[in-house]
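1. Okay, structure incoming, though there's no sequence with it:
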Ligand code: NAD
């Protein structure tokens with residue numbers, strides 16, 4: 001299956017005909033080719049977007065909400081195919097792709113459509129005047145997204161961008177192009193006006209850079225790694241483009257001494273290893289109160305050892321393949337670093353599989369790994385690994401837990417596990433981060449702000465925050481007698 005660009009409502013090759021190879025990381029086999037686009041392709045996409053802009057933005061927001069519903073319906077009708085494409089591109093378990101990626105991609109469109117219907121006019125009365133706040137579109141916006149939750153994260157940007165009357169030039173990760181194309185197929189099937197949604201595929205430094213540099217693209221919404229985010233900011237800021245950056249994380253899972261141990265262990269397991277640890281929100285640093293550390297660790301190891309790690313197509317698989325051989329080698333190099341830094345690998349660290357359907361030897365499979373005995377300031381414990389690796393650290397007091405949690409350059413998310421929710425709430429407010437869950441993890445109300453502090457990003461997505469980013473407020477102040 002080849003991934004072509006979608007420009008002005010038509011699937012096209014890159015203008016110079018170049019392609020990349022798309023591999024299934026669970027088998028090492030070729031899925032198809034991907035258009036390797038350049039500046040000239042971005043130029044075509046921007047032209048298409050510009051010519052669609054006026055008609056699209058002149059629709060009422062509620063009409064655009066109806067288009068989002070149609071996109072959701074179209075994706076829902078092809079949900080199983082969506083999950084299969086996501087699983088083949090990423091190597092993640094099909095069951096996970098169905099439950100999380102496919103469902104959330106549909107939900108993102110439905111959520112923003114409903115959210116639009118609940119918007120109230122923004123009017124501010126003065127004694128002698130009335131202020132009306134209008135939300136104008138920004139124009140053509142550039143959306144750049146990573147490989148870990150491909151359509152989930154892309155649709156999270158496309159839906160509010162379209163809703164607010166913008167036209168879109170999107171670049172999915174070059175590792176996972178297939179579901180962005182499924183969205184475009186749906187757009188075509190439902191007759192979404194041509195040029196409103198454009199997708200250009202290819203490498204970041206080629207097509208991504210062309211999006212950053214294009215003067216007619218007035219906002220960049222980027223999700224990806226912190227190093228890339230720094231480059232994105234440096235490229236876009238001198239042109240005063242609006243900028244939203246959702247970047248890396250190294251999140252703490254904090255287990256207090258009064259936690260329900262079974263609930264906490266299961267929570268830490270889910271936070272640590274969902275999607276093979278390849279979620280920006282994953283709790284890769286487990287901070288556990290010293291008084292329960294031994295019990296907690298032995299229960300955790302038992303559960304980790306029971307995890308089924310193998311073929312994405314096997315419904316019982318909990319951990320599929322990592323995104324690529326190169327990424328697996330990077331994760332392995334961090335496990336090696338952990339050993340060099342004085343850590344003990346309590347379990348995992350090998351490529352051994354347990355799945356019923358034997359995975360291919362060419363697949364990027366790595367067992368979930370738990371490392372103990374590291375300084376919380378070590379590189380292994382503070383740098384983002386983005387794989388199935390957690391480190392365990394002990395603390396004696398709430399203050400010490402907060403200090404350890406805050407001792408990284410990142411500040412995206414975290415979770416606290418305790419039977420005393422007041423105590424947990426107090427601790428949560430002292431953690432330098434964008435999101436803290438108490439006795440849960442990745443529990444999302446899409447109206448709430450999502451995003452990070454420090455090197456985890458700039459700005460927030462979700463509900464009103466997304467509508468704010470994808471619009472320019474215009475205040476009209478009318479004097480009356
Ligand atoms: P990445 O930064 O390598 O790539 C992200 C996107 O940027 C890709 O589409 C890539 O092609 C593009 N890109 C690369 N170089 C570019 C350039 N010079 N100009 C423009 N675009 C460029 O990230 P990744 O490896 O795809 O994803 C993993 C990272 O994403 C992790 O760090 C993870 O924490 C982060 N992430 C963050 C969130 C969040 O919401 N904060 C969500 C998911 C993933």
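-> All right, it came through fine. In this text, all values refer to a predicted model and were calculated from it rather than measured experimentally. Numbers count the residues shown, from 1 in each chain.

2. What number of residues are in the vicinity of residue 32?
-> Residues near residue 32, counting by other Cβ atoms under 10 Å, number 16. C-beta: built from backbone N, CA, C; applies to glycine.

3. Next, it: phi, psi?
-> Dihedral pair for residue 32: phi 170, psi -160, per degrees, to the nearest 10.

4. which stretches of the stretch 101-250 of the chain have low pLDDT?
-> Scanning the stretch 101-250 of the chain for pLDDT under 70 picks out no residues.

5. Pull up the residues of it that are close to the ligand.
-> By Cβ under 6 Å from any ligand atom, the residues of the stretch 101-250 of the chain that approach the ligand are 144-148, 153, 171, 173-174, 204-205, 208-209, 212, 223-225, 228, 231-232, 246-249.

6. Filter those residues down to just the ones in strands.
-> In this view, those that belong to strands under DSSP state E are 144, 171, 223, 246.

7. Quick check: which ranges of the stretch 251-400 of the chain have low pLDDT?
-> In the stretch 251-400 of the chain (pLDDT under 70), the answer is 355-359.

8. show me where it has strands.
-> Using DSSP state E, counting those that start in this stretch, the strands found in the stretch 251-400 of the chain span residues 252-255, 285-289, 344-347, 369-372, 389-395.

9. quick check: angle from the last one to strand 285-289?
-> What that stands for is strand 389-395. Here strand 389-395 runs at an angle of 30 degrees relative to strand 285-289 (axes from the mean of the first three to the mean of the last three Cα atoms, to 10 degrees).

10. any residue of strand 389-395 up close to the ligand?
-> No. Using Cβ under 6 Å from any ligand atom, strand 389-395 never reaches the ligand; the gap is at least 13.8 Å.

11. neighbouring strands for that strand, and are they parallel or not?
-> strand 285-289 (parallel), strand 369-372 (parallel) (DSSP bridges).

12. sec struct for the closest residue to residue 239 other than its chain neighbours, please.
-> Excluding the flanking residues, the one nearest residue 239 by Cβ to Cβ, 6 or more residues apart in numbering is residue 215, at 6.5 Å. Under DSSP: H, G, I helix; E, B strand; the rest coil, residue 215 falls in the coil class.

13. Please point out which parts of stretch 171-191 sit buried.
-> Of all the residues in stretch 171-191, those buried under the rule 16 or more other Cβ atoms under 10 Å are 171-188.

14. Which of the ones in strands among the residues of the stretch 101-250 of the chain next to the ligand sits closest to the ligand?
-> The ligand lies nearest to residue 246 out of these, by Cβ to the nearest ligand atom, at 3.4 Å.

15. Can you spell out which residues form a bridge with that closest one?
-> In beta-bridge terms (that is, DSSP bridges), residue 246 pairs with residue 223, residue 457.

16. That one against residue 225, yeah?
-> No. In this structure, residue 246 is not within contact of residue 225 by Cβ atoms under 8 Å, at 10.4 Å.

17. re the thing from before, neighbour-wise, which one of the ones in strands among the residues of the stretch 101-250 of the chain next to the ligand leads?
-> Result: residue 171 is most packed of those (other Cβ under 10 Å), 31 neighbours.

18. got the contact list for it?
-> Residues near residue 171 by Cβ atoms under 8 Å, 6 or more residues apart in numbering: 142, 143, 144, 145, 199, 200, 201, 202, 204, 207, 208, 211.

19. What's the end-to-end length of stretch 298-318?
-> Its start and end residues considered, stretch 298-318 measures 20 Å (Cα to Cα, to the nearest Å).

20. what residues does it touch?
-> Applying Cβ under 8 Å, 6+ apart, the contact partners of stretch 298-318 are 26, 87-88, 91-95, 97, 261-262, 265-266, 268-269, 273, 286, 319-321, 346-348, 353-359, 365-368, 370, 392.

21. What of stretch 197-210?
-> Contacts of stretch 197-210 (Cβ under 8 Å, 6+ apart): 3-8, 14, 20, 34-39, 41-43, 45, 48-49, 144, 158, 162, 167-172, 174, 177, 180-181, 183-184, 187, 211, 228, 235.

22. Could you list the buried residues of that stretch?
-> Across stretch 197-210, burial judged by 16+ other Cβ under 10 Å covers 197-204, 206-210.

23. Filter those down to the ones in helices?
-> In helices, defined here by DSSP state H, the members of the buried residues of stretch 197-210 are 209, 210.

24. Remind me what the helix or strand encompassing residue 422 packs against, helices and strands.
-> Under the criterion of DSSP states H and E, residue 422 resides in helix 421-428. The helices and strands touching helix 421-428, judged by 3 or more Cβ pairs under 8 Å, 6 or more residues apart in numbering; DSSP states H and E, are helix 398-405, strand 414-417, strand 437-438.

25. Residue 175 is in contact with residue 147, correct?
-> Yes. The criterion here is Cβ under 8 Å, and residue 147 meets it with residue 175 at 4.2 Å.

26. list the residues that contact both of the two?
-> Contacts common to residue 147 and residue 175, judged by Cβ under 8 Å, 6+ apart, are 89, 90, 323.

27. quick one, helices of the stretch 101-250 of the chain?
-> Taking DSSP state H, counting those that start in this stretch as the test, the helices found in the stretch 101-250 of the chain are 103-117, 150-163, 178-190, 209-213, 226-236.

28. Check which element follows the one helix or strand residue 65 maps to along the chain.
-> Following DSSP H and E, one finds residue 65 within helix 61-77. Heading C-terminal from helix 61-77, the first helix or strand you meet, by DSSP H and E, is helix 79-90.

29. just to revisit the earlier point, any chance of the contacts of residue 171 in a markdown table, with distance to residue 338 too?
-> Formatted as a markdown table, the contacts of residue 171 follow (distance: Cβ to Cβ, whole Å):
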| residue | distance to residue 338 |
| --- | --- |
| 142 | 37 |
| 143 | 35 |
| 144 | 31 |
| 145 | 30 |
| 199 | 39 |
| 200 | 39 |
| 201 | 36 |
| 202 | 35 |
| 204 | 29 |
| 207 | 36 |
| 208 | 32 |
| 211 | 37 |
